[in-house]
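1. What follows is a predicted protein model with its sequence.
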Amino acid sequence: MNAKKYFGTDGIRGRVGEAIINPEFILKLGWAVGRVLNEKYGVAKVLVGKDTRISGYLLESVLEAGLSAAGIDAWMLGPMPTPAVAYLTRTFRAQVGIEISASHNPYYDNGIKFFSSEGKKLSDQFELAIEEQLHKPMRLVEAAKLGKAKRINDAPGRYIEFCKSTLGIKSSLNGLKIVVDCANGATYQVAPAVLSELGASVVEVGVDPNGFNINDNCGSTSPKLLAEVVLAEKADLGIAFDGDGDRVVMVDHKGEIVDGDELLFIIAKHGFTRGVLHGGIVGTQMSNLGLEIGLHKLGIDFKRTQVGDRYVIDELYANNWLLGGESSGHIAHLGITTTGDGIISALQVLNAVCHSGKSLHELKSQMIKYPQVLLNIKCSCPKSFIKDKAIEAAIAKITKTLGEYGRVLLRPSGTEPVIRVMAEGENIDLVSRGAEELAEVVRKIFGHN
């Protein structure tokens with residue numbers, strides 16, 4: 001299979017105004033998507049959502065124009081979480097869903113995420129077909145066949161009702177005081193509504209987007225703010241989403257962060273105990289050893305994939321399993337929806353809290369996390385990174401020092417110009433020294449400080 005030039009593991013992403021996230025390229029991209037859809041379906045419609053970045057207005061307009069130029073109708077959703085676009089693409093029987101978002105990145109980045117008619121990531125073949133069209137001259141269909149645009153005004157309400165339905169008609173959040181941090185992003189309308197309509201007393205944070213403050217010292221990538229508000233409000237717990245709502249982390253009543261591994265464990269244990277889950281759980285290379293050991297003690301299988309929700313979901317389908325996720329809080333529950341969904345994941349955790357009668361802190365404490373240190377080493381071309389003998393020797397030495405339950409991982413980032421160094425084990429001092437030692441070897445080889 002040919003290598004893709006523009007598509008990464010989660011669509012197309014970059015800095016606004018540079019090589020690919022610019023009006024000219026996005027116009028051509030919309031047209032290229034339309035051309036592929038024309039060849040595949042003849043007549044097609046595409047749903048388009050976005051997060052709250054200032055550049056979303058620009059990219060939304062040119063993407064719509066590109067689709068129209070290819071004869072494709074665009075149904076505009078406005079600000080909507082990425083998983084909402086996946087859900088609505090299925091329910092509206094659209095052929096493709098598109099989210100304009102750079103997820104947890106700063107406002108000056110943006111990207112284009114795609115979903116198939118089934119609410120899944122596009123296949124490699126579909127993405128390659130789009131890239132093939134991008135290399136062809138852009139030609140408009142005749143005027144009578146130009147695509148039209150339609151705005152779907154009730155999209156938020158539709159998604160809110162779907163989220164509420166996943167908790168069960170008899171379940172409620174009555175009596176819970178919850179702080180919700182929407183990262184000034186795509187969940188700012190729907191997440192507070194879901195929680196309050198289910199009966200929770202909701203304190204809202206990060207719900208005033210201005211185009212520039214998305215993910216800015218708030219949300220799942222900066223949960224310190226959430227912890228402070230939970231303590232100040234004496235809330236039962238807090239929930240933080242990232243800019244496009246496909247990730248979630250939580251905070252317990254003591255202000256302690258509950259990350260994706262711990263949330264995944266809580267959902268898994270509750271689901272298997274009640275008999276609503278089967279098979280095993282999928283994590284990634286970065287998943288904490290404590291998750292794997294905790295699941296094995298419960299008799300639950302666990303498999304690791306490369307980092308990236310695409311790989312997690314592919315492995316779930318390959319094994320006919322339902323639940324998997326990443327430490328970052330990107331959790332997919334295929335028994336409920338087709339992609340990672342921060343709101344759905346949070347509701348599953350709240351379901352465990354309500355049914356068990358235990359606090360989030362108590363549920364989190366049932367999984368023992370192993371100390372883990374992650375360091376980022378700057379590298380101009382991390383994807384070309386190849387281990388050499390010095391690195392392999394350092395890894396072998398550090399792994400031996402960390403003992404039976406220790407491990408070391410070295411990998412290039414898929415989204416940043418860095419190489420990630422991770423060490424994990426029972427002893428935090430040994431883990432920290434091991435990570436620094438390996439990082440120093442990598443720095444010497446690549447000449448960065």
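-> Noted; the coordinates are in hand.
2. mind listing the helices for the stretch 151-300 of the chain?
-> Assignment of helices within the stretch 151-300 of the chain using DSSP state H, counting those that start in this stretch yields the ranges 155-165, 190-197, 224-233, 260-274, 289-297.
3. Could you single out the most deeply buried of those helices?
-> Greatest average neighbour count among these goes to helix 260-274 (a mean of 23), per mean count of other C-beta atoms under 10 Å. For the C-beta atoms, the positions are set from N, CA and C on the backbone; glycine is no exception.
4. export the helices of the stretch 151-300 of the chain to TSV and tack on distance to residue 320 and mean pLDDT?
-> Formatted as TSV, these follow (distance: least, C-beta to C-beta, whole Å; pLDDT from 0 to 100):
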stretch	distance to residue 320	mean pLDDT
helix 155-165	24	97
helix 190-197	29	98
helix 224-233	36	98
helix 260-274	15	97
helix 289-297	17	95
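5. Any idea which of those helices gets closest to residue 4?
-> Closest to residue 4 of those is helix 260-274 (C-beta to C-beta; 26.9 Å).
6. hmm, back to that, nearest to residue 418, out of the helices of the stretch 151-300 of the chain?
-> Comparing the helices of the stretch 151-300 of the chain by C-beta to C-beta, helix 260-274 comes nearest, at 20.1 Å.
7. Where do the domain boundaries of the chain fall?
-> Here the domain parsing of the chain from automatic domain parsing is 12-153, 158-274+337-364, 372-446.
8. Per-residue pLDDT of residue 146, please?
-> We have a pLDDT of 96 for residue 146.
9. Please read the previous query as pertaining to residue 386.
-> Looking at residue 386, its pLDDT reads 62.
10. right, and residue 347 touches residue 197 too?
-> No - applying C-beta atoms under 8 Å as the test, residue 347 and residue 197 come out as separate, 11.8 Å apart.
11. quick one on the thing from earlier: quick one: the helices of the stretch 151-300 of the chain as TSV, columns for distance to residue 246 too.
-> Below are the helices of the stretch 151-300 of the chain laid out as TSV (distance: least, C-beta to C-beta, whole Å):
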stretch	distance to residue 246
helix 155-165	13
helix 190-197	12
helix 224-233	17
helix 260-274	11
helix 289-297	20
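12. To residue 304, which of the ones you listed lies closest?
-> That would be helix 289-297 among those, by C-beta to C-beta, at 7.9 Å.
13. List the neighbouring strands of whichever helix or strand comes after the closest one plus their orientation.
-> Following helix 289-297 in sequence order, the next helix or strand is strand 301-305 (DSSP states H and E). Looking at strand 301-305 with DSSP bridges, its partner strands are strand 280-284 (parallel).
14. Provide the contact partners of the strand it pairs with at residue level.
-> With contact meaning C-beta atoms under 8 Å, 6 or more residues apart in numbering, strand 280-284 is reached by 261, 264, 268, 291-292, 295, 300-308, 311-312, 315-316, 319, 321, 323-327.
15. How many residues are close by the nearest residue to residue 195 once chain neighbours are set aside?
-> Nearest residue to residue 195 in three dimensions, chain neighbours excluded: residue 202, at 5.0 Å (C-beta to C-beta, 6 or more residues apart in numbering). Residues contacting residue 202 under the criterion other C-beta atoms under 10 Å number 21.
16. about what we covered before: select, out of the helices of the stretch 151-300 of the chain, the one closest to residue 5.
-> Closest to residue 5 of those, according to C-beta to C-beta: helix 260-274, at 30.6 Å.
17. I'd like to check the angle between that closest one and strand 280-284, please.
-> Here helix 260-274 runs at an angle of 180 degrees relative to strand 280-284 (axes from the mean of the first three to the mean of the last three C-alpha atoms, to 10 degrees).
18. what's helix 260-274 in contact with?
-> Helix 260-274 is contacted by residues 247-250, 258, 277, 281, 283, 287-288, 290-291, 294-295, 298, 300, 323-331, 333, 345, 348-349, 351-352, 355-356, 360, 363-364, 366-367, 369 when judged by C-beta under 8 Å, 6+ apart.
19. can you give me the strands in the stretch 1-150 of the chain?
-> With DSSP state E, counting those that start in this stretch as the criterion, the stretch 1-150 of the chain has strands at 12-15, 45-50, 73-79, 96-100, 109-116, 149-151.
20. any idea which of the ones you listed is most buried?
-> strand 96-100 (a mean of 28).
21. average pLDDT across that strand?
-> For strand 96-100, mean pLDDT is 98.
22. That strand pairs with which strands, parallel or anti?
-> Sheet pairing here is set by DSSP bridges, and for strand 96-100 it gives strand 45-50 (parallel), strand 109-116 (antiparallel).
23. In JSON lines: those, plus distance to residue 186 and mean pLDDT.
-> Output for the strands paired with strand 96-100, formatted as JSON lines (distance: least, C-beta to C-beta, whole Å; pLDDT from 0 to 100):
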{"stretch": "strand 45-50", "distance to residue 186": "8", "mean pLDDT": "97"}
{"stretch": "strand 109-116", "distance to residue 186": "11", "mean pLDDT": "97"}
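24. Between these, which one is closest to residue 5.
-> The nearest among the strands paired with strand 96-100, by C-beta to C-beta, is strand 109-116 at 14.3 Å.
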